[in-house]
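> just to be clear, the model below is a prediction. Sequence and coordinates:
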Amino acid sequence: MADSDNYFRAGVQLVGTCNGLLCLCSNNKPGGVIMVVNPSTRQKLRVSPLRGAGLFVGSRRRPVGWDQAYSFGYHPITGRYKVVHVPCSFDRVCEFEAVHVLTLGEAAWREVPLVIPGAGGAKCNLDAGVVSINAATHWFTGGDSARIMSFDLQDERIISTPLLPALPAERDRYYLTEVHGRLGVAIWDGSVKTEVWVLNEERWSRWYTLRRDIPRPHFAYGEYVLTRISLSFDVHREKGRWLSGERAMSQVYQGSRGWPVAEMTGDTYCYRTFAYVETAEPLDNSLVGY
């Protein structure tokens, strides 16, 4: 990518945000090219391309989408920022025995073998997303007994994630999301209803019933939620709350339009939403913590 203050050129997608830093991926080259930027200071940090990444992700219906196999995470204790690449594809649920990790400040990617509890290697359903939340990178295995794999960013090992309530058999009806700093799973009923389950203190509970679609992976911002109809995005203040277990649950109805905030064009899978907080901290200082 050429030097420019306009980071979001054609083919460039946002992988994730951490502490005011943006992780971008250019899909213009096979496998994708990663760059981390601070829009406030206009500083940029390019990283070496991941060799062999172009063998993954592509499919007939999504010919370009290497950005979606990457995730950007931060560990608050070590102060390290890491980009994680999960070798997976939209065509099938892939099986693998290692992930690729780049720590900002290091010169090269590392292949980190995964020691999986039980027999066999790790698997990934890329349709459900790859997200980094609470110092871990998460993805779904897919298959008849789908479960979440969690890669700890400090110890760089697979950690146990409690099982969810029953998921639909169709792989494209559930996906990972972030809800107020917690790991969540959005489950679509195939019609108009989306339920969002949140992991809190190793227990899953239903926090939202939304009778509209929601963007991924972020849709909850303070007391507001973001919904989507086709390529139109609306924001709603949470209403219709009632007690359900230990937390009040929120509902947004199909006919509730909220306040329109954006109208997109193109393919729906290209658009993802993230939380962002501006920071003036120099990008170089983000590499401290070793």
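That came through, no problem. Keep in mind the model is a prediction, meaning the values are calculated, not measured.
> gap between the residue nearest in space to the middle of the chain and residue 217?
In the chain, the residue lying closest to the centroid (CA atoms, centre = their mean) is residue 131, at 3.1 Å. Residue 131 sits 5 Å away from residue 217 when distances are taken as CB to CB, to the nearest Å. C-beta: built from backbone N, CA, C; applies to glycine.
> count the residues that sit near the nearest residue to residue 52 once chain neighbours are set aside.
Once its chain neighbours are removed from consideration, residue 52 has its nearest residue in residue 31; the separation is 7.1 Å (CB to CB, 6 or more residues apart in numbering). Neighbour count of residue 31, defined by other CB atoms under 10 Å: 21.
> can you verify residue 127 is assigned to a helix?
Yes: with the criterion set as DSSP: H, G, I helix; E, B strand; the rest coil, the secondary structure at residue 127 is a helix.
> show me what contacts it?
Listed by CB atoms under 8 Å, 6 or more residues apart in numbering, the contact set of residue 127 reads 90, 142, 171, 172, 175.
> counting contacts, what elements does the host helix or strand of the last one pack onto?
Right, residue 175. Mapping residue 175 onto the secondary structure by DSSP states H and E places it in strand 174-179. Packed against strand 174-179 by the contact rule (3 or more CB pairs under 8 Å, 6 or more residues apart in numbering; DSSP states H and E) you find strand 130-133, strand 136-140, strand 182-188, strand 194-200.
> hmm, who's touching stretch 183-199?
131, 133-134, 138, 148, 161-162, 164-165, 167-168, 170, 173-179, 182, 204-214, 216, 219, 254.
> got it, and stretch 174-181?
127-131, 133-134, 138-140, 146, 148, 167-168, 183-188, 196, 198, 207-208, 214, 216-220, 275.
> would you indicate which residues of stretch 133-148 are buried?
If you call a residue buried by 16 or more other CB atoms under 10 Å, then stretch 133-148 has these buried ones: 133-142, 146-148.
> still on that earlier bit, just put the helices and strands packed on strand 174-179 in TSV and tack on distance to residue 38 and mean pLDDT.
Output for those, formatted as TSV (distance: least, CB to CB, whole Å; pLDDT from 0 to 100):
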stretch	distance to residue 38	mean pLDDT
strand 130-133	18	95
strand 136-140	22	95
strand 182-188	26	93
strand 194-200	30	91
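> residue 224: which of those strands is closest?
strand 194-200 (14.4 Å; CB to CB).
> next, the angle from that closest one to strand 136-140.
Using axes from the mean of the first three to the mean of the last three CA atoms, to 10 degrees, the interaxial angle of strand 194-200 with respect to strand 136-140 works out to 140 degrees.
> which neighbours does the helix or strand following strand 194-200 have in its sheet, and in what orientation?
Scanning forward in sequence from strand 194-200, with DSSP H and E defining helices and strands, the next element found is strand 203-210. With DSSP bridges as the criterion, the sheet partners recorded for strand 203-210 are strand 194-200 (antiparallel), strand 247-252 (parallel).
> direction included, what does the helix or strand following strand 203-210 pair against?
Using DSSP H and E, the helix or strand that follows strand 203-210 in sequence is strand 220-221. According to DSSP bridges, strand 220-221 forms sheet pairs with strand 224-229 (antiparallel).
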